[in-house]
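**Q** model this:
(one chain, ligands or ions: 1)
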Amino acid sequence: MSNEEIFVTRPFLPPLQEFLPYLESIWASQKLTNGGRFHQELEGALSQYLRVPYVSLFTNASIAIVTALKALDIRGEVITTPFSFVATTNAIAWNGLTPVFVDIDPKTLNIDPMAIAEAASPKTSAILAVHCYGQPCDVVGIRQVAARLGIPVIYDGAHCFGVADSLGSVLRHGDLSVVSFHATKVFNTFEGGAIVSPTAEMKQRVDYLRNFGFVDETHVGSVGINGKMNEVSAAMGLLQLKYVDHILEARSEIDSMYRELLYNVDGLECLDFDSSIKRNFAYFPVLVKPGFPLSRDSLYEKLRGERIFARRYFYPLISNFPMYRHLPSAKECLLPNANSAAGQILCLPIYPGLSRENVFKIAETIKST
Ligand code: T4K
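**A** A predicted model of the protein is given here:
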């Protein structure tokens, strides 16, 4: 058996020779960024592929979430989940807003609409929810709470590329949705991301904000930022789109293998996903429960000993990081499900290039405890 390092993910890289013509075209045009040909093409292609109305490409999802909060002119407090990558809450704080953490549903690990309703106050101005691991939130429940409160919903759909129901991508939900195209994601543009807007007016506002706030050459209408995607990244996106079905299929096979191999391991729970949606198999999260012979951290270390680099996404909880733990909503007793998940979660390697042999090796290492 090989002794190669096995990472939690590896980017999908199309054949290099297929990328070269895109680079030649960029070199010939000398248009490197600021809404070039590939940028325009990718916005259109993604809107078609995802079946969403308006796509604005971004340099990464972090800047996109920061911009989404700005585009909706959010002030005051934003209710959010502590069980996410730190970028979610950082985007709130970066806008000078106050995050209010609420607990998650223990089954889906997504924000609990009931908890949102209980935590809401007159200062609540928005909900920033995360479709964690590409598992859709209870979008109906969240919509109802938001409508009652009269506030917008932003979805951090960083993990959601390719997750869809019969009407299209889950990214169509909310007042704005954000997706990540980071190298570690199902679909990558090296670094990158996008905002999905429901209307042409909102897309235009997002696009102005993305470009420093410029409305035209001499007018700056709002305090914008530089969030533009460059042409090389956009070209990578166009090429990746040609392989996306293959990527999803390869991930799906690994997911099935894990589920078969890890079925009935005492104390190990493979996270269930909503069976009515088309999944993207972005992550393979398992919960290491008290019935398992090792603690989550001991299993993590054991795997490392075999050069298998699983990751504890998302531990520590965002609410336990130094910049947020002073918040009244960060108290552990208010977030029992999130704290429990953060203590038990382990994401196993999953990516198209992961060999069957290595999936067996990972499963065997887990089972031989
Ligand atoms: N919201 C949510 C819910 C998110 O999960 C994220 C990002 C964001 C917002 C923000 O999206 P972006 O602003 O990034 O677009 C990684 C990613 O950097 C991050 O994008 C992702 N979520 C997070 C869950 O995972 P790290 O610190 O774990 O990455 P790193 O560098 O340790 O990479 C993990 C493994 O991937 C490495 O051990 C090897 C492999 N890898 C990584 C890179 C970058 C490669 O093989 N090649 C590569 O180029 O955060």
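**Q** what's around the closest residue to residue 168 other than its chain neighbours, how many residues?
**A** In this structure, residue 168 finds its nearest non-sequential neighbour in residue 51, 3.2 Å apart by C-beta to C-beta, 6 or more residues apart in numbering. To be clear about C-beta, it is placed using only N, CA and C from the backbone, and glycine gets the same treatment. Residue crowding around residue 51 was assessed by other C-beta atoms under 10 Å; the count is 12.
**Q** Now residue 51: phi and psi?
**A** Main-chain torsions, residue 51, degrees, to the nearest 10: phi 60, psi 50.
**Q** which residues does it contact?
**A** Contact partners of residue 51, counting by C-beta atoms under 8 Å, 6 or more residues apart in numbering, are 164, 167, 168, 169, 172.
**Q** make it 10 Å
**A** 164, 167, 168, 169, 171, 172 (C-beta atoms under 10 Å, 6 or more residues apart in numbering).
**Q** Show only the entries of the residues you listed found in strands.
**A** Secondary structure assignment (DSSP state E) places 164, 168, 169 from the contacts of residue 51 within strands.
**Q** Could you dump these into JSON lines with pLDDT added?
**A** As requested, the ones in strands among the contacts of residue 51 are arranged in JSON lines below (pLDDT from 0 to 100):
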{"residue": "164", "pLDDT": "96"}
{"residue": "168", "pLDDT": "91"}
{"residue": "169", "pLDDT": "96"}
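**Q** closest to the ligand among the residues you listed?
**A** residue 169 (16.1 Å; C-beta to the nearest ligand atom).
**Q** so who does residue 103 touch?
**A** For residue 103, the contacting residues are 81-83, 111-112, 114-116, 118-119, 329, 334-341, by C-beta under 10 Å, 6+ apart.
**Q** and the stretch 51-200 of the chain, which of its residues are near the ligand?
**A** Proximity of the stretch 51-200 of the chain to the ligand is confined to 60-62, 84-85, 87-88, 130, 156, 158-159, 180, 182-184, 193 under the rule C-beta under 6 Å from any ligand atom.
**Q** now the strands for the stretch 101-250 of the chain?
**A** Residue ranges of the strands in the stretch 101-250 of the chain, as given by DSSP state E, counting those that start in this stretch, are 124-130, 153-156, 164-165, 168-169, 176-180, 193-197, 214-216, 219-220.
**Q** Parallel or antiparallel, list what pairs with the first one.
**A** The reference is to strand 124-130. Using DSSP bridges, the neighbouring strands of strand 124-130 in the sheet come out as strand 77-80 (parallel), strand 153-156 (parallel).
**Q** Please apply the same query to the last one.
**A** Within its sheet, strand 219-220 is paired with strand 214-216 (antiparallel), according to DSSP bridges.
**Q** Ok, the fifth one next?
**A** Taking DSSP bridges as the criterion, strand 176-180 pairs within the sheet with strand 153-156 (parallel), strand 193-197 (antiparallel).
**Q** Any buried residues in the longest one, and which?
**A** Okay, so that is strand 193-197. 193, 194, 195, 196, 197 (16 or more other C-beta atoms under 10 Å).
**Q** Also stretch 40-48?
**A** For stretch 40-48, the neighbour count (16+ other C-beta under 10 Å) marks 42, 43, 45, 46, 47 as buried.
**Q** Skipping its backbone neighbours, what lies nearest the last one in space?
**A** The shortest distance from residue 47 to any non-neighbouring residue, by C-beta to C-beta, 6+ apart, is to residue 55 (4.7 Å).
**Q** I'd say that neighbour and residue 179 touch.
**A** Yes. At 8.9 Å, residue 55 and residue 179 qualify as touching, with contact defined as C-beta atoms under 10 Å.
**Q** quick one: contacts for the residue of the chain most remote from its centre?
**A** In terms of distance from the mean C-alpha position of the chain, residue 218 ranks first, at 35.9 Å (C-alpha atoms, centre = their mean). Listed by C-beta under 10 Å, 6+ apart, residue 218 has no contact partners.
**Q** start at 545 instead
**A** Okay, using 545 as the starting number, the last item reads as residue 762.
**Q** Model confidence at it, what's the number?
**A** Confidence per residue is given as pLDDT, and for residue 762 that number is 96.
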